[in-house]
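Chemist: Just need the structure, nothing else, for what follows:
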Amino acid sequence: MQNPERVELVRLRLGLTKIGFAQALGIDRKTLQRFDDGSDLSQAVLDRLCRLSGYPEDFFLKRSLEYPNRDGVSFRSLRSLTAGARDAALAAGALAFELDDWICDRFELPAHSLPQVNNASPGEAAAAVRSFWGIGERPISNMINLLEARGVRVFSLAEETRHLDAYSFWRNEKPYVFLNTAKTAEHSRFDAAHELGHLVMHRHTGSGHKSAEDEANAFASAFLMPPADLLAHVPRVRCLDDLIVGKKRWRVSVAALNYALHKIGVISDWHYRSYYIELNKLGRHIEPNGIEPESSQVWAKVLTALWRDGITLRHISAELSIPDRELSSLLFGIAAPASSPVNSRELRVVK
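Modeler: Predicted coordinates:
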């Protein structure tokens, strides 16, 4: 029997309204409603759905998927996020659960070591997490790898919308972060630190209150650019070029560095606004001297280990009945090696 909830997930991933979805399938709204109420789609309509979505027929015959709990999800840029983009991202989360559970049946991934920091300012919370992890005040070379080493599941999103940056939540004592790879690398690093702030500061209080986003932003700034390290390496700023050169140490955007130095008093109000105006003239989506995007080490190791056992992303796709393009978009586009795999009997445990 066809599962209406799985058909609905595909509609959300396609970003279509119910009316647009029915039109794309060549049926009227009432036919789609009857399907939602328990009637099966005809084989002809099901075939059109498979062609439209790229999902195999088997996908629509399986049990319902688990979605991230909306009440527990922290969305960055929530105020400007459309319902369609939000729902498509949550549907991607449901697919990620399927993939993550499949991987966890075969691999032992790192358990999380995230402290919970309550009743502290964002700056204090950032310092507490750095202290708990023993990383002092040195710059963080790779945010994704740092999170993964502490047991955070980091997935990518290939959502073509400027309004969706990232989101995070807890599931079965596991922290999850989803990052939109359409952003600049500097933007994505800040997003990752921002979501870490939600995970450690707002797990029990929720992130729905008005100050939550500001708190997560302040956490990310202090976590990526500890104030003492900023003062030690950028005691003064004479022009925008000083910011462009200085940002390399912390691998952040010029705008983020401008904000952080203004907050600790290195940059005056007037210069802060002047540099912001200069940056806008360059283009809001252009980052001077941009860095290379970060990627996942954990998923690269998992895919490599599977490849050695003759299992490719296409095999996983067939087993889960999820198009490999969807899986690839969740795994930072990481592909298995191009040459033919060598078979072996046991999968390696990733530690």
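
Chemist: only C-alpha atoms for contact and neighbour calcs from this point on.
Modeler: Will do.

Chemist: Y167 looks like it's in a strand, true?
Modeler: Yes. The assignment for Y167 by DSSP: H, G, I helix; E, B strand; the rest coil puts it in a strand.

Chemist: burial of it, as a residue count?
Modeler: 27 (other Cα atoms under 10 Å).

Chemist: got the contact list for it?
Modeler: By Cα atoms under 8 Å, 6 or more residues apart in numbering, Y167 lies in contact with 73-76, 177-179, 195.

Chemist: Format these as CSV; extra columns: pLDDT.
Modeler: Shown next, in CSV, are these (pLDDT from 0 to 100):
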residue, pLDDT
V73, 83
S74, 77
F75, 79
R76, 66
V177, 97
F178, 96
L179, 95
E195, 96
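
Chemist: Determine which two of those are furthest apart.
Modeler: V73 and L179 (13.3 Å; Cα to Cα).

Chemist: Quick check on those two: which one has the bigger neighbour count.
Modeler: More crowded of V73 and L179, by other Cα under 10 Å: L179, with 27 against 21.

Chemist: is it fair to say the more buried one lies in a strand?
Modeler: Yes. L179 sits within a strand when classified using three-state DSSP.

Chemist: one step back: closest one to L240 out of the contacts of Y167, please.
Modeler: Looking across those and measuring by Cα to Cα, the closest to L240 is R76, at 27.5 Å.

Chemist: Show me where the stretch 51-200 of the chain has its strands.
Modeler: 74-75, 153-157, 166-171, 174-180 (DSSP state E, counting those that start in this stretch).

Chemist: Okay, now the sheet partners of the second one, with direction.
Modeler: Think strand 153-157. Counting by DSSP bridges, the strands paired with strand 153-157 are strand 174-180 (parallel).

Chemist: Where does the prediction get shaky in the protein?
Modeler: Where the chain drops to pLDDT under 70, the residues are 76-80, 160-162, 207-208, 335-351.

Chemist: residues contacting the spatially closest residue to I322 that is not a sequence neighbour?
Modeler: With sequence-adjacent residues excluded and distances taken as Cα to Cα, 6 or more residues apart in numbering, I322 is closest to Y55, at 6.2 Å. Listed by Cα under 8 Å, 6+ apart, the contact set of Y55 reads 49, 321-323.

Chemist: Likewise for G93?
Modeler: Counted by Cα under 8 Å, 6+ apart, G93 has contacts 67-68.

Chemist: what's the spacing between it and I311?
Modeler: Per Cα to Cα, to the nearest Å, G93 is found 23 Å from I311.

Chemist: And Y167, by the same measure?
Modeler: Distance from Y167 to I311, by Cα to Cα: 30 Å.

Chemist: burial count for R171?
Modeler: 12.

Chemist: Spatially, what comes nearest to it if we skip its sequence neighbours?
Modeler: Closest to R171 by Cα to Cα, 6+ apart is P68, at 7.8 Å.

Chemist: try S317
Modeler: D324 (5.2 Å).

Chemist: Hmm, the one you found is touching R314, no?
Modeler: Yes. When contacts are counted by Cα atoms under 8 Å, D324 is listed as touching R314 (6.0 Å).
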